[in-house]
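**Student:** quick one, what's the 3D model for this:
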Amino acid sequence: MLASPIVNAIMFKDISTQTYPNKNNFLHANYKQANAKILPYHQRFNNSETVYLQFVSDSNAAPSLTIYSPGPQAPIAGTLVNTIVGTVTRYYYNYSLDLTAYNDKKISMIITQGAVTLTSEPICVSSVTEDLANGTLRYIKYNNSDRDNADLSGNFVDWENRDYMFFYVEAQDVEPNQTDESVVLRGAQSDTIISATLFTGVVFKTGPVPVYMFDRLAAVTSLDTFLMNDVQYVKNGEAESKLFGGSTSVQVSINLTEKNAIGINIDDLGIEDTDMTEWHKENSVDGVTANYSITEPDGYLVSDIMIQADATSVPVTTNVDIGYTVAGTEIASGPVAKASTYPTIFDAQRRASFSGASTIYFTFTGAAGYVLNIKVLFQLQDI
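**Tutor:** Model (predicted):
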């Protein structure tokens, strides 16, 4: 099994079995519906961007992704970013597609893993600057919280290891979608407003798009974070579609409300940097045989430090001093025993200063021949 989540920036389908045609085993250009017209469609992407994709499989054999322009290009290597063990173990693979070399070209892709092959809907790579400026194209960006933080479906994407995805779609949002409510206390002689809210929004309407684009838009507008042209929105109700002019394409309509009514109910809130914040950072190194140092990132608190003697380590015990100076103990100090089954944990919960990056030094003393594995965890700290 190799699957492409519906929220992937590019649509992939398994077209290997077409005995009974349906929208999942035929590409849009080939899926006939009696006398309905098929409107050609190439999804747009900018010529200077990198597109992010993720695939999920029950196999740990690395899938191979090939771009066709029109002939096959060099295969693109993916990265195994997570393995979730269960009754059926799932493997998550990330891919980054640099489109710089494909300016003004129409391309397609095939990803294979063993006997499974998925084929992409075609895309067109060109400058989108003019179409964004004249309002015929919209930039869609989205992500979802980890399952521990939200009960929303992630649509089979491991969002902890895929910060965000994005794509473009032909659409307009000229029609407003306001939410204006007030609660009035009616007295004997006068009325008094005791509460009132005002949220602004838009009606998002696409041009004629394939059905797969409707499915994707319905999915991404239901995620934790959905942005259109860098404004964060929340979907009201459900995505709707209607057939476009006797064709197999549809027009999608979605009522959106701005998540944060800046300038109306509040003065500043929301996403300042649309790249997703890393709440935790990790620095890991194995096979340390001499004094060691790492950088404490600006804005992060040292949370925990774990050190374990490698199986090849010689001394029974190695002493470590951890601080902001060589041989300093400002953070922690203590022994690391080779016989311990588990890592020695030093509870740090501090950082060097309110701002600025600092250096953390690990100074080891004791018998020669130590080999240590170190992991340092950092937590975002707002000051």
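**Student:** same for the longest helix along the chain, what does it pack against?
**Tutor:** When the chain is parsed with DSSP state H, its longest helix is helix 211-220. Packing partners of helix 211-220 (3 or more CB pairs under 8 Å, 6 or more residues apart in numbering; DSSP states H and E): strand 137-143, strand 165-176, strand 231-243, strand 250-258. C-beta here means a position set from N, CA and C on the backbone, and glycine is covered the same way.
**Student:** next SSE after the last one?
**Tutor:** What that stands for is strand 250-258. Following strand 250-258 in sequence order, the next helix or strand is strand 280-288 (DSSP states H and E).
**Student:** what's that next one packed up against?
**Tutor:** Using 3+ CB pairs under 8 Å, 6+ apart, strand 280-288 sits against strand 292-296, strand 372-380.
**Student:** helix or strand next in line after the helix or strand of the chain with the lowest mean pLDDT, which one?
**Tutor:** When the helices and strands of the chain are scored by mean pLDDT, DSSP states H and E, strand 191-199 comes last with a mean of 81. With elements assigned by DSSP H and E, the helix or strand that comes after strand 191-199 is strand 201-206.
**Student:** tell me the mean pLDDT over that next one?
**Tutor:** Strand 201-206 comes out with an average pLDDT of 96.
**Student:** what lines up beside that strand in the sheet?
**Tutor:** When sheet partners are counted by DSSP bridges, strand 201-206 sits next to strand 165-176 (antiparallel), strand 250-258 (antiparallel).
**Student:** tilt between the longest one and strand 137-143?
**Tutor:** If you take axes from the mean of the first three to the mean of the last three CA atoms, to 10 degrees, strand 165-176 sits at 120 degrees to strand 137-143.
**Student:** what average pLDDT does strand 165-176 get?
**Tutor:** Mean pLDDT, strand 165-176: 96.
**Student:** try the shortest one
**Tutor:** For strand 250-258, mean pLDDT is 96.
**Student:** which residues of the stretch 51-200 of the chain fall in strands?
**Tutor:** Assigned strands in the stretch 51-200 of the chain, in chain order: 64-68, 76-77, 79-84, 90-98, 105-113, 116-120, 123-126, 137-143, 165-176, 179-186, 191-199 (criterion: DSSP state E, counting those that start in this stretch).
**Student:** residue 96 is in contact with residue 65, isn't it?
**Tutor:** No: at 10.2 Å, residue 96 does not count as touching residue 65 under the criterion of CB atoms under 8 Å.
**Student:** between the two, which one's more packed in?
**Tutor:** Set residue 96 next to residue 65 and count neighbours by other CB atoms under 10 Å: residue 65 wins out with 23 against 12.
**Student:** give the contact list for the more buried one.
**Tutor:** Residues in contact with residue 65 (CB atoms under 8 Å, 6 or more residues apart in numbering) are 75, 76, 78, 95, 97, 109, 110, 111.
**Student:** quick one, what contacts the closest residue to residue 58 other than its chain neighbours?
**Tutor:** For residue 58, ignoring the flanking residues on the chain, the nearest one in space by CB to CB, 6 or more residues apart in numbering is residue 1 at 4.7 Å. With contacts defined as CB under 8 Å, 6+ apart, the neighbours of residue 1 are 57, 58, 59, 116.
**Student:** and those residues, which are buried?
**Tutor:** For these, a burial check counting by 16 or more other CB atoms under 10 Å picks out residue 57.
**Student:** ok so, going back, relative to residue 14, which of the strands of the stretch 51-200 of the chain is closest?
**Tutor:** Proximity to residue 14 (CB to CB) singles out strand 116-120 among the strands of the stretch 51-200 of the chain, at 5.6 Å.
**Student:** ok, the closest residue to residue 250 other than its chain neighbours - contacts?
**Tutor:** Spatially, and ignoring its direct neighbours in sequence, residue 250 is nearest to residue 241 (4.2 Å; CB to CB, 6+ apart). Contact partners of residue 241, counting by CB under 8 Å, 6+ apart, are 211, 214, 250, 251, 252, 253.
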